[in-house]
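Peer 1: task: produce atomic coordinates for the following.
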Amino acid sequence: MQYYEDVVIGATRETGRYTFSEDAIIRFASQFDPQPFHIDPEAAKHSNFGGLIASGWHTAATVMRLIVDSAIDLEASLGSPGFDDLAWIKPVRPDDTIRARLCCTEKTPSKSRPGIGSGRFLVEVFNQRDELVMKFTSIGLMRFRDPQLQQG
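Peer 2: Numbering: from 1, shown residues only. I've put the predicted structure just below:
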């Protein structure tokens, strides 16, 4: 279990991996982001991307799943009030495999809610060629293991 006390500023964690299929890209985008370069392989060839790409929101949702599966302690997590600085740097294409690296950049105990703290995490997403494809800063709320030890 990784509670607030266990999070170390500067420490990194890696997630598992996910490979995007053409079918999954088209299915997601057909429902949530139906732009031609996400849903029509032939039209995508004539776009500025030169081929089919995953919706950035598909990439972001997949990264969230990877984080939940391998980097969030479900007992200690209290969700997130948001994120900052989301950037889609390179397109994710069919057969690309992504993974994420999280690095805690700061953490702060709550002044108004005993037993709760927040952490800011730089999330960098890489493809199978170790190219940075997406990044953002996530804010995570988490429980203290022992609220009596909370220092302000």
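Peer 1: now the strands for this structure?
Peer 2: 12-19, 82-88, 97-109, 116-126, 132-143 (DSSP state E).
Peer 1: so which of these is nearest Pro36?
Peer 2: strand 82-88 (17.3 Å; CB to CB). In short, each C-beta sits where N, CA and C put it, glycine included.
Peer 1: who touches stretch 41-51?
Peer 2: 22, 26, 36-38, 52-53, 91, 93 (CB atoms under 8 Å, 6 or more residues apart in numbering).
Peer 1: biggest helix in the chain by residues?
Peer 2: helix 56-70 (DSSP state H).
Peer 1: so Leu86 versus Tyr18, what's the distance?
Peer 2: Going from Leu86 to Tyr18 by CB to CB, to the nearest Å gives 18 Å.
Peer 1: tell me which of those two has more neighbours.
Peer 2: More crowded of Leu86 and Tyr18, by other CB atoms under 10 Å: Tyr18, with 18 against 13.
Peer 1: ok, the more buried one - contacts?
Peer 2: 62, 65-66, 97-99.
Peer 1: burial count for the nearest residue to Ala87 once chain neighbours are set aside?
Peer 2: Closest residue to Ala87 apart from its sequence neighbours, by CB to CB, 6 or more residues apart in numbering: Lys135 at 5.5 Å. Lys135 is flanked by 18 other residues according to other CB under 10 Å.
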